[in-house]
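S.K.: Build the 3D model from these lines:
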Amino acid sequence: MFQNLIIANELTLDKFLKELKYDLYLTKPQMNHMKNIVKSMFMNSYTGKINDISKFLSPRHRTSITRFLSNSSWDESLIFNSLKNKVIDLIWSRLKQTNKPIYNYR
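M.R.: Numbers count the residues shown, from 1 in each chain. All right, here's what the predicted structure looks like:
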(Lines give C-alpha, C1' and ligand atoms only; values in the text may rest on other atoms or scores of the structure.)
Protein backbone atom coordinates (compact mmCIF):
# COMPACT_ATOMS: atom_id res chain seq x y z
CA MET A 1 0.00 0.00 0.00
CA PHE A 2 2.86 2.43 0.75
CA GLN A 3 5.19 1.67 -2.19
CA ASN A 4 7.07 4.59 -3.78
CA LEU A 5 5.71 7.16 -1.35
CA ILE A 6 7.28 9.53 1.17
CA ILE A 7 5.52 7.48 3.83
CA ALA A 8 6.75 3.93 3.22
CA ASN A 9 4.84 2.03 5.93
CA GLU A 10 2.78 2.45 9.08
CA LEU A 11 5.80 3.05 11.31
CA THR A 12 6.99 5.73 8.93
CA LEU A 13 3.50 7.25 9.06
CA ASP A 14 3.77 7.50 12.85
CA LYS A 15 7.20 9.08 12.54
CA PHE A 16 5.98 11.50 9.87
CA LEU A 17 3.02 12.65 12.00
CA LYS A 18 5.37 13.13 14.96
CA GLU A 19 7.71 15.19 12.77
CA LEU A 20 4.71 17.38 11.99
CA LYS A 21 4.17 17.63 15.78
CA TYR A 22 0.57 16.51 15.39
CA ASP A 23 0.85 14.76 18.75
CA LEU A 24 1.07 18.25 20.32
CA TYR A 25 -2.17 19.36 18.68
CA LEU A 26 -4.28 16.20 18.80
CA THR A 27 -5.32 13.84 21.56
CA LYS A 28 -4.40 10.17 21.25
CA PRO A 29 -7.87 9.16 19.91
CA GLN A 30 -7.77 12.08 17.46
CA MET A 31 -4.29 11.00 16.37
CA ASN A 32 -5.58 7.47 15.70
CA HIS A 33 -8.39 8.89 13.59
CA MET A 34 -5.89 11.01 11.66
CA LYS A 35 -3.72 7.93 10.98
CA ASN A 36 -6.74 5.99 9.69
CA ILE A 37 -7.73 8.87 7.43
CA VAL A 38 -4.22 9.11 5.97
CA LYS A 39 -3.96 5.33 5.51
CA SER A 40 -7.29 5.25 3.69
CA MET A 41 -6.10 7.96 1.28
CA PHE A 42 -3.36 5.62 0.02
CA MET A 43 -5.87 3.01 -1.05
CA ASN A 44 -6.71 2.71 -4.74
CA SER A 45 -10.43 2.77 -4.03
CA TYR A 46 -10.36 5.99 -1.96
CA THR A 47 -13.26 8.28 -2.85
CA GLY A 48 -13.14 10.73 0.08
CA LYS A 49 -16.02 9.14 1.96
CA ILE A 50 -16.24 7.92 5.54
CA ASN A 51 -16.78 4.37 4.24
CA ASP A 52 -13.22 4.38 2.90
CA ILE A 53 -11.83 5.25 6.32
CA SER A 54 -14.09 2.81 8.16
CA LYS A 55 -12.42 -0.11 6.34
CA PHE A 56 -9.65 0.22 8.94
CA LEU A 57 -12.09 0.22 11.87
CA SER A 58 -14.79 -1.91 13.34
CA PRO A 59 -18.29 -0.75 12.25
CA ARG A 60 -19.06 0.89 15.60
CA HIS A 61 -16.25 3.42 15.09
CA ARG A 62 -17.66 4.90 11.89
CA THR A 63 -19.63 7.54 13.81
CA SER A 64 -16.57 8.46 15.87
CA ILE A 65 -14.70 9.36 12.65
CA THR A 66 -17.66 11.52 11.63
CA ARG A 67 -17.68 13.23 15.04
CA PHE A 68 -13.92 13.75 14.82
CA LEU A 69 -14.24 15.50 11.47
CA SER A 70 -17.29 17.59 12.30
CA ASN A 71 -17.24 18.29 16.07
CA SER A 72 -13.77 17.63 17.43
CA SER A 73 -12.05 20.50 19.17
CA TRP A 74 -8.76 20.92 17.35
CA ASP A 75 -7.24 23.88 15.62
CA GLU A 76 -7.09 23.23 11.87
CA SER A 77 -4.70 26.11 11.32
CA LEU A 78 -2.04 24.49 13.55
CA ILE A 79 -2.35 21.23 11.62
CA PHE A 80 -2.29 23.01 8.26
CA ASN A 81 0.68 25.23 9.15
CA SER A 82 2.65 22.28 10.43
CA LEU A 83 2.11 20.38 7.19
CA LYS A 84 2.80 23.47 5.07
CA ASN A 85 6.11 24.08 6.87
CA LYS A 86 7.14 20.45 6.34
CA VAL A 87 6.36 20.68 2.63
CA ILE A 88 8.37 23.91 2.32
CA ASP A 89 11.29 22.23 4.11
CA LEU A 90 11.07 19.27 1.71
CA ILE A 91 11.06 21.61 -1.29
CA TRP A 92 14.12 23.51 -0.07
CA SER A 93 15.87 20.26 0.72
CA ARG A 94 15.18 18.97 -2.80
CA LEU A 95 16.42 22.27 -4.21
CA LYS A 96 19.73 21.88 -2.39
CA GLN A 97 20.06 18.26 -3.53
CA THR A 98 19.27 18.88 -7.20
CA ASN A 99 20.51 22.45 -7.53
CA LYS A 100 17.56 23.17 -9.83
CA PRO A 101 15.37 26.29 -9.55
CA ILE A 102 12.02 26.39 -7.80
CA TYR A 103 9.29 28.12 -9.74
CA ASN A 104 6.63 30.19 -7.98
CA TYR A 105 3.21 29.78 -9.63
CA ARG A 106 1.14 32.20 -7.55
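
S.K.: and the helix or strand harbouring Leu24, which residues are buried?
M.R.: Using DSSP states H and E, Leu24 sits within helix 22-25. Buried residues in helix 22-25, counting neighbours by 16 or more other C-beta atoms under 10 Å, are found at 22, 25. The way it works is simple: take the backbone N, C-alpha and C, and place the C-beta from them, glycine included.

S.K.: helices and strands around whatever helix or strand comes next after that helix, which ones?
M.R.: Helices and strands here follow DSSP H and E; after helix 22-25, the next one along the chain is helix 28-41. Other helices and strands packing on helix 28-41, by 3 or more C-beta pairs under 8 Å, 6 or more residues apart in numbering; DSSP states H and E, are helix 10-19, helix 22-25, helix 50-54, helix 62-71.

S.K.: which residues touch stretch 68-86?
M.R.: Here stretch 68-86 makes contact (C-beta atoms under 8 Å, 6 or more residues apart in numbering) with 19-22, 25-26, 29-30, 33.

S.K.: mean confidence score for that stretch?
M.R.: Computed over stretch 68-86, the mean pLDDT rounds to 85.

S.K.: what comes up buried for it?
M.R.: Neighbour-count burial for stretch 68-86 [16+ other C-beta under 10 Å]: 68, 79, 82.

S.K.: Now render those as a markdown table, adding distance to Lys100.
M.R.: Output for those, formatted as a markdown table (distance: C-beta to C-beta, whole Å):
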| residue | distance to Lys100 |
| --- | --- |
| Phe68 | 40 |
| Ile79 | 30 |
| Ser82 | 26 |
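
S.K.: Name the nearest residue to the residue nearest the centre of the chain, ignoring sequence neighbours.
M.R.: With distances taken as C-alpha atoms, centre = their mean, Val38 lies nearest the centre of the chain, 4.7 Å away. Spatial nearest neighbour of Val38, excluding adjacent residues (C-beta to C-beta, 6 or more residues apart in numbering): Leu13 at 6.2 Å.

S.K.: hey, which helix is longest across this protein?
M.R.: Ranked by residue count under DSSP state H, the longest helix found in the chain is helix 76-98.

S.K.: By mean pLDDT, point me to the weakest helix or strand of the protein.
M.R.: helix 50-54 (a mean of 73; mean pLDDT, DSSP states H and E).
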